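A.B. asks: return atomic coordinates for the entry below.
(3 chains)
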Amino acid sequence: MARALLPLALVGAFLIVAPPFLDLGWQNALINILIASLFALAFNLLAGQAGLLSFGHAAYFGVGAFAALHLMARIEDGLGFPTPLLPLAGAAAGLLIGLVAGFFATMRSGVYFALVTLAIAELFHSLAPHWQGVFGGEAGLSSMRMPWGGLIFGSLIEVYYLTLAWVALSILLLWGLTRTPFGRLALALRDNEQRVRFLGYNAHITKVIIFAISAMFSGVAGALQAISNETANYVLFASGVSAQVVLYTFVGGATIFFGPVVGAVIFTLFAYLVSDLTRSWLLYQGLIFVLVMLYAPNGLGGLIHQHLRHRGQLDWSRLARPYAQATLGSLLVAAAAIFLIETLAVVFSRDYAVARRDAGGGFPAYEVFGLNWTPLSPVPWLLPLALFAAGLWLILQARHPIGTLWQRVRAGSEPDVNPS
Amino acid sequence: MRHISLIALVVAGSLSAAPLAAKPLKIGIIESLSGAQTSTGRMFANGVHYGIDRINAAGGVNGEPVEVVEYDNAGGPTEAADKFRQAQADGINIIIQGASSAIAGQLTEDVRKHNIRNPGNEMMYINVGAEAMELTGEKCHFYHFRYTSTAPMRVNALISTMKEQGTLGTRVYSINQNYSWGQDMQAATAADTAMGDYEVVGEVLHDVNKIQDFAPFVAKIKAANPDTVITGNWSNDLLLLMKAAGDAGLKVRFATAFLDQPGNIANAGETALGHYIANAYDNSAADGSFADDYKAAEGHLPTFVEPQAAFAVGALQEALAKVSSEGGDVNVTKIAEALEDTTYESPVGPISVRKEDHQTIRPVVVSKVVKNAKYPADDTDMGFQMVKVVPGEEAIYPVQSSCEMKRPG
Amino acid sequence: MEFYLISTLNGVIYGLLLFMVSAGLTLIFGMMGVLNFAHASFYMLGAYVAYAVSSAAGFWVGLLVAPAFVGIVGMLVERFLLRRVHAFGHAHELLLTFGLALIVEEAVKLVFGDFPVNYQMADTLRFAAFTVYGTDYPFYRVFMGIVAIVMFVALWLLLSRTRIGIVVRAAERLPQMAEALGHNIPVVFTSVFGAGAALAGLAGAVAGAFYPTNPNMALELGVIVFVVVVVGGLGSLQGSLLASLLIGLFSSFAVGIDWSAADLLALVGLGDWARTMGGLMTMQVSSISATIPFALMLLVLLVRPAGLMGERG
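C.D. replies: Reported below is the predicted structural model:
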């Protein structure tokens, strides 16, 4: 763990020192990254460490958000509760609901477990808009952060530091949990539940506790979002939110502790940077997810972890060229895909259909990436094809040397401690 | 080394804060540009762009063109909150949004809190489509303006017009979506019984955009035997309802709020003939100059929600003209005060602002679906024909007691 | 009386539609243990392909081409994507289908737009089958029901009476044994997945002409299909049919049920108390009719995960 301290310290220093100099948009993005990371880590406690795949974690995130918002509204009315401790409400709500939900959900395993969690989240999602008192109907609840202890909590930077403090604390606690015997028990459950039972442990109670802790930290994440946005809405229970956290975790890598953080950072940044540039950014997200699932089953974090683990044994000088080839090839393939998708988006759009009608049924020119193209000429179709072919060729060229070099490493080292 | 670069940063920062020339007015469109409501959000944005292009063609504000930035809120209040922060960071002065009352609720609160926390640097929110009553009720505040109608306005217009035409009947059924808008419609329908001389023979609220099969609802409606069905449904909910009614051979008149959403007429087919709609504008209600102008600028006739967004920006243009004659930097409070006093002459009638709650008093156009209309919809041979333009004073609803607006200064 | 009759008819037809969509999923899960999140996406794809083809070549051609196209897509997905991920475990398979669902939805939006498209049934089918109490009952609904029943009968006969069916069932029970006996199990898996996808595609092609074809189709139907498959029993065709009919009938009747928990409590004199409590107590069954299938699914999963007629425990 010692060698991980230096990069962690650098990241930590950046997170503490840099934000006041960034603009509001970036501060907000950082807050979202922190919240997403915490949510993903809490999810992974259940999924990666205990091996229980939950498809309805939005329920606990949402419950935490609403609990925090109710408390915030009480404080606004005069209750003397310290504003910085608002996430405790989220933790409490998450823990409580997590205990109940977990008790029932963990009675099943595998696909059935996933379906139970899905059903629970959908139950919340369909009930909440009707339950005006607790969930505020379809407009949701809204409140305002009240000053406490000399801090007004009016500006975004104060919210940022509050979020940072709570996320850091939660990550520390989660990491600490993995180091305890109980955390090891969770791993054991994932690998072989029967053996754990034979050793005398009550597997069901263990699973319930893990579920509850996972839900608790999800509740903290939800509370932090409620504090940041000062609203909570029933859409927090939507399947999309549960889907997002699954995406973050598995793209980042469920088998190493910081894997989910990698996924959360990548996707949140991606959404922040790309969502205003193109209408197809959800498609790109889906494609990235599927590609990672196919070619990097341990996630991108897992990939990085593998490289760090074996950096002594890898022949870097030999690897440099094929890696560069593979990277260039991937970039070309990505460029081809993006060009094709953006072109299709324009050509199939309504505006283009109108333009075609005005042009009397022909195929007028359209604009993509600031340049004009015509659909009838072969150029806009051959270009992505050429890029794709070139990229693919490079990747295939690089595949063999990379494969052999890694085989040598694997043959010479111990087997992975955490198989997928 | 770090100290020097830090000092440089601070100095550069403070230098850039000093204005060299009058800052241009920045308008942010925070709309649903992806997700389920994309087409609606896109149309609001189109209408706004049309209006702003006209402002800039006339010379802009203080000689500077108005800057427009689009933000995609992906149809959700959470993303809307994020984009609001981005808009704050970008120095946006006026936010415009319309597709979704839930998002409007989020944005209006965000604007209100921003203004409390940043006195002197206020932002304004022009709501061009969100019709939940609470936005000019509980959540009203000085820097929000509602440039669209609400459920009571639409229902009032429909009832009075259909009664005049003799097509209302005495038995009315109310079917709506179970959220604030649908509940508002249901309440408005129930409140007008005396005025319209009818009875509400049944009312139902159903899940929003989840029902696949409206046949059971049609069966219920049939059992109640109404003359007219009033519904605020939009998107699939309206389409499926009308399809099911058509399939079952239910001979009833529909009075709707969103029948002109693109795709509805084509999908409903002949069953749509004779149904009514109450909205902000229809091409057949005006003399055609606005429609031609819009078509020349945007490439298509103004449809659905584009006109109301364009009118809102038109009113803003007049308010800006009053303010910029005084010169100086952008002062949102002055713009808001000027907007309060602006009466915009839309192609269907005057639109003025009610100071107590910032609801616009505006005409409501009631139209009917006919064959061989002057302005066909959805590439079919059917379209809307204006029946009556209900003037603002007749359509408007009373100020809600829940609105306690704090005025600046 | 009219309400009950119409509701029963509608409920049965809606249930049969649900069966059409979930039949494929039941088959795939029973066979391969893969809960295909992209199944509803195949349904949507079928509807859109049928729309695209029927715009050019007519409704019936669309009806033929759509399931074929979706079936091929399904086979490609299984052969090149699922099989790769199979080695990484069930979770990864689940996740892959999940990502696939996202991609299909976004791709459809890319090509066809983010709004409903005008997929219409053939004019020859546009008449009233019969008239009940003054209400016309559209023939197309009956048509959908017929297609669903034909599908059920064909599948059942295929699985229980033909050689292919026996091989498929053997592969489901003991894949290694079946392979040892010389059957090409990977091909069987691919074909079953393709067949399941084709069924969903057919359901989409048929239903899309009646219900609006829009990009939210997959989301709308997707979760209900899971409910059906769980309640019926993962892997059981008959259970799937039974559960579909159950849920279809319930959804149909629930619309007319305006009771709430408070009404029930009023029977024991606690009505006023319940009404002042508000919240859950006063919610009418008709307004939360969409919630109840999930409660049912939860109940089944917890009490009897094998569902009504399931074989896998």
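A.B. asks: would you mind listing what in the stretch 51-200 of chain C touches chain A?
C.D. replies: C:81, C:84-85, C:88-92, C:94-96, C:98-100, C:102-103, C:106-107, C:110-113 (CB under 8 Å from any CB of the partner chain). From N, CA and C alone the C-beta is placed, and that goes for glycine too.
A.B. asks: pLDDT score assigned to residue 228?
C.D. replies: Reading this off chain A. Looking at residue A:228, its pLDDT stands at 92.
A.B. asks: chain C is the one I meant
C.D. replies: 89.
A.B. asks: and it, how far from residue C:308?
C.D. replies: 10 Å (CB to CB, to the nearest Å).
A.B. asks: likewise for residue A:405?
C.D. replies: Residue A:405 is 55 Å from residue C:308, by CB to CB.
A.B. asks: how about the contacts made by residue C:66?
C.D. replies: Applying CB atoms under 8 Å, 6 or more residues apart in numbering or on different chains to residue C:66 gives the contacts C:46-47, C:49-50, C:53, C:201-202, C:204-205.
A.B. asks: now swap in residue C:297 and tell me
C.D. replies: A:115, A:119, C:226-227, C:230-231 are the contacts of residue C:297 under CB under 8 Å, 6+ apart.
A.B. asks: can I assume residue A:162 is in contact with residue A:149?
C.D. replies: No. With contact defined as CB atoms under 8 Å, residue A:162 does not reach residue A:149; the gap is 11.5 Å.
A.B. asks: so residue C:227 makes contact with residue C:295?
C.D. replies: No. Shown here, residue C:227 and residue C:295 do not form a contact pair, counting by CB under 8 Å, at 9.8 Å.
A.B. asks: which of those two has more neighbours?
C.D. replies: residue C:227 (27 against 16; other CB atoms under 10 Å in any protein chain shown).
A.B. asks: so after the helix or strand where the more buried one lies, what's the next helix or strand?
C.D. replies: For residue C:227, the host element (DSSP states H and E) is helix C:217-232. Tracing the chain C-terminally past helix C:217-232 and defining elements by DSSP H and E, one meets helix C:237-254 next.
A.B. asks: shared neighbours of residue C:227 and residue C:295, anything?
C.D. replies: Joint contacts of residue C:227 and residue C:295 (CB under 8 Å, 6+ apart) are residue A:119.
A.B. asks: tally of neighbours for residue 281?
C.D. replies: Answering for chain A, as no chain was given. For residue A:281, the neighbour count with other CB under 10 Å is 19.
A.B. asks: the chain in question should be chain B.
C.D. replies: Counted with other CB under 10 Å, residue B:281 comes out at 30.
A.B. asks: so what pLDDT did the residue of chain A found nearest chain B get?
C.D. replies: Closest contact between chain A and chain B, by CB to the nearest CB, is at residue A:24 (3.3 Å). We have a pLDDT of 82 for residue A:24.
A.B. asks: which residues touch the residue nearest to it when sequence neighbours are not counted?
C.D. replies: Spatial nearest neighbour of residue A:24, chain neighbours left out: residue B:89 (3.3 Å); criterion: CB to CB, 6 or more residues apart in numbering or on different chains. Residues in contact with residue B:89 (CB under 8 Å, 6+ apart) are A:23-28.
A.B. asks: filter the residues you listed down to the buried ones.
C.D. replies: Of the members of those, the ones counted as buried by neighbours, 16 or more other CB atoms under 10 Å in any protein chain shown, are A:24-28.
A.B. asks: identify the contacts common to residue A:162 and residue A:149.
C.D. replies: Joint contacts of residue A:162 and residue A:149 (CB under 8 Å, 6+ apart) are residue A:84.
A.B. asks: neighbour count winner among the two?
C.D. replies: Higher neighbour count among residue A:162 and residue A:149: residue A:162, with 22 against 8, using other CB under 10 Å.
A.B. asks: residues making contact with the helix or strand hosting the more buried one?
C.D. replies: Assigning secondary structure by DSSP H and E places residue A:162 in helix A:156-179. Taking CB under 8 Å, 6+ apart as the criterion, the residues outside helix A:156-179 that touch it are A:12, A:15-16, A:19-20, A:24, A:27-28, A:30-31, A:34-35, A:37-38, A:41-42, A:45, A:49, A:84, A:87, A:145, A:151-153, A:183-184, A:186, A:213, A:217, A:220-221, A:224, A:227-228, A:257, B:85.
A.B. asks: please identify the buried residues of that helix?
C.D. replies: A:156, A:158-164, A:166-167, A:170-171, A:174, A:177.
A.B. asks: just put those in CSV and tack on distance to residue B:25 and pLDDT.
C.D. replies: Below are the buried residues of helix A:156-179 laid out as CSV (distance: CB to CB, whole Å; pLDDT from 0 to 100):
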residue, distance to residue B:25, pLDDT
A:156, 24, 87
A:158, 30, 91
A:159, 28, 92
A:160, 29, 94
A:161, 33, 93
A:162, 34, 94
A:163, 33, 95
A:164, 35, 95
A:166, 39, 96
A:167, 38, 96
A:170, 43, 96
A:171, 44, 94
A:174, 48, 93
A:177, 53, 91
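A.B. asks: from these, which single one is nearest residue B:393?
C.D. replies: Taking CB to CB as the measure, residue B:393 lies nearest residue A:156 of the buried residues of helix A:156-179, at 43.9 Å.
A.B. asks: any idea how far that closest one is from residue A:29?
C.D. replies: 11 Å.
A.B. asks: quick one, what contacts residue A:354?
C.D. replies: B:299-300.
A.B. asks: what about it, which helix or strand?
C.D. replies: helix A:350-358.
A.B. asks: export only the CA atoms of that helix, formatted as PDB.
C.D. replies: Output in PDB follows, covering the C-alpha atoms of helix A:350-358 (Å, rounded to 0.1, in the frame of the first residue of the first chain):
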ATOM      1  CA  ARG A 350     -35.300  16.100 -38.700                       C
ATOM      2  CA  ASP A 351     -33.500  19.300 -39.700                       C
ATOM      3  CA  TYR A 352     -31.800  17.400 -42.500                       C
ATOM      4  CA  ALA A 353     -35.100  15.900 -43.600                       C
ATOM      5  CA  VAL A 354     -36.500  19.400 -43.900                       C
ATOM      6  CA  ALA A 355     -33.400  20.600 -45.800                       C
ATOM      7  CA  ARG A 356     -33.900  17.700 -48.200                       C
ATOM      8  CA  ARG A 357     -37.500  18.500 -48.700                       C
ATOM      9  CA  ASP A 358     -36.600  22.100 -49.400                       C
END
